[in-house]
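S.K.: the following block contains a protein sequence and its predicted model.
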Amino acid sequence: MKAQSKAQQKAAGAALSAKRGEIPKSELQGASREMVETMTEAELQDMASTSRAGKPDRKEG
């Protein structure tokens, strides 16, 4: 699944860092906290690697 907004891509990157043990899960907030619990490392990698070019800051609707 590709990220649909810049915010979603950044949240996936933070969740991926926590999943890998690079940052503590307690530092996560919002969507990234939920992502780390519900998504696999491969899914997070796919979403975090999405290019931000042309993406809206936030997903609409």
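M.R.: Sure thing, it's come through.
S.K.: where is the longest helix in the chain?
M.R.: helix 6-19 (DSSP state H).
S.K.: hmm, who's touching whichever strand or helix holds residue 32?
M.R.: In the assignment (DSSP states H and E), residue 32 maps to helix 31-38. Residues outside helix 31-38 that contact it (Cβ atoms under 8 Å, 6 or more residues apart in numbering) are 7, 8, 11, 12, 14, 15, 18, 19, 25, 28, 44. Where you see a C-beta, it was placed from the backbone N, CA and C, and this is true even at glycine.
S.K.: put the buried members of those into a ChimeraX selection.
M.R.: Paste this into ChimeraX to select the buried members of the contacts of helix 31-38, with burial taken from 16 or more other Cβ atoms under 10 Å:
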select :7,8,11,12,14,15,18,19,28,44
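S.K.: let me have the contacts of helix 31-38 in JSON lines, adding pLDDT and distance to residue 37 as columns.
M.R.: What follows is these, written out as JSON lines (pLDDT from 0 to 100; distance: Cβ to Cβ, whole Å):
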{"residue": "7", "pLDDT": "89", "distance to residue 37": "18"}
{"residue": "8", "pLDDT": "91", "distance to residue 37": "16"}
{"residue": "11", "pLDDT": "93", "distance to residue 37": "13"}
{"residue": "12", "pLDDT": "94", "distance to residue 37": "13"}
{"residue": "14", "pLDDT": "96", "distance to residue 37": "13"}
{"residue": "15", "pLDDT": "96", "distance to residue 37": "9"}
{"residue": "18", "pLDDT": "96", "distance to residue 37": "10"}
{"residue": "19", "pLDDT": "95", "distance to residue 37": "9"}
{"residue": "25", "pLDDT": "94", "distance to residue 37": "9"}
{"residue": "28", "pLDDT": "95", "distance to residue 37": "10"}
{"residue": "44", "pLDDT": "94", "distance to residue 37": "11"}
